[in-house]
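Chemist: give me coordinates for this.
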Amino acid sequence: MFLQADAALRFVIDRLTPAQLALPAPAEWSYKKDPTLRDILASYAEDPGGKPGGADCGRY
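Modeler: Numbers count the residues shown, from 1 in each chain. Next up, the predicted model:
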């Protein structure tokens, strides 16, 4: 099931333009000041909690 969810997420992310990735994200989605969608996706990609067997992903 994880692989299907990962593939679906990749399908959407691959279609985002650089301009869309630079859009502001809600502040409550990140501890970073003035996050962008790129920041949120980068945090997810780096977080071991976003992968099976990873740590708790509550750090966002």
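Chemist: only the C-alpha atoms, please, for stretch 21-36, written as CSV.
Modeler: Extracted C-alpha coordinates of stretch 21-36, given in CSV (Å, rounded to 0.1, in the frame of the first residue of the first chain):
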residue,chain,number,x,y,z
LEU,A,21,6.6,25.1,-5.7
ALA,A,22,7.5,28.6,-4.8
LEU,A,23,3.9,29.4,-3.5
PRO,A,24,3.6,30.1,0.2
ALA,A,25,2.4,27.3,2.4
PRO,A,26,0.3,27.7,5.6
ALA,A,27,2.6,28.6,8.5
GLU,A,28,1.2,25.9,10.6
TRP,A,29,2.5,23.3,8.2
SER,A,30,6.1,24.0,9.2
TYR,A,31,8.3,25.4,11.9
LYS,A,32,10.2,27.4,9.2
LYS,A,33,9.3,31.0,8.8
ASP,A,34,7.4,31.7,5.6
PRO,A,35,7.4,28.2,4.2
THR,A,36,6.8,27.4,0.6
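Chemist: in it, which residues are buried?
Modeler: 25, 30, 35-36 (16 or more other C-beta atoms under 10 Å). C-betas here are computed from N, CA, C, even on glycine.
Chemist: go on, stretch 37-50?
Modeler: So, applying 16+ other C-beta under 10 Å, buried residues of stretch 37-50: 37, 39-40, 43, 47.
Chemist: how distant is it from the center of its chain?
Modeler: Remark: stretch 37-50 is offset 4 Å from the chain centroid, using C-alpha atoms, centre = their mean, to the nearest Å.
Chemist: ranges for the helices of the chain?
Modeler: 2-13, 18-21, 37-46 (DSSP state H).
Chemist: so which elements touch the last one?
Modeler: Pointing back at helix 37-46 there. helix 18-21 (3 or more C-beta pairs under 8 Å, 6 or more residues apart in numbering; DSSP states H and E).
Chemist: tilt between the helix or strand of the chain with the lowest mean pLDDT and helix 2-13?
Modeler: The helix or strand of the chain with the poorest confidence is helix 37-46; it has a mean of 86 (mean pLDDT, DSSP states H and E). Per axes from the mean of the first three to the mean of the last three C-alpha atoms, to 10 degrees, the angle that helix 37-46 makes with helix 2-13 is 160 degrees.
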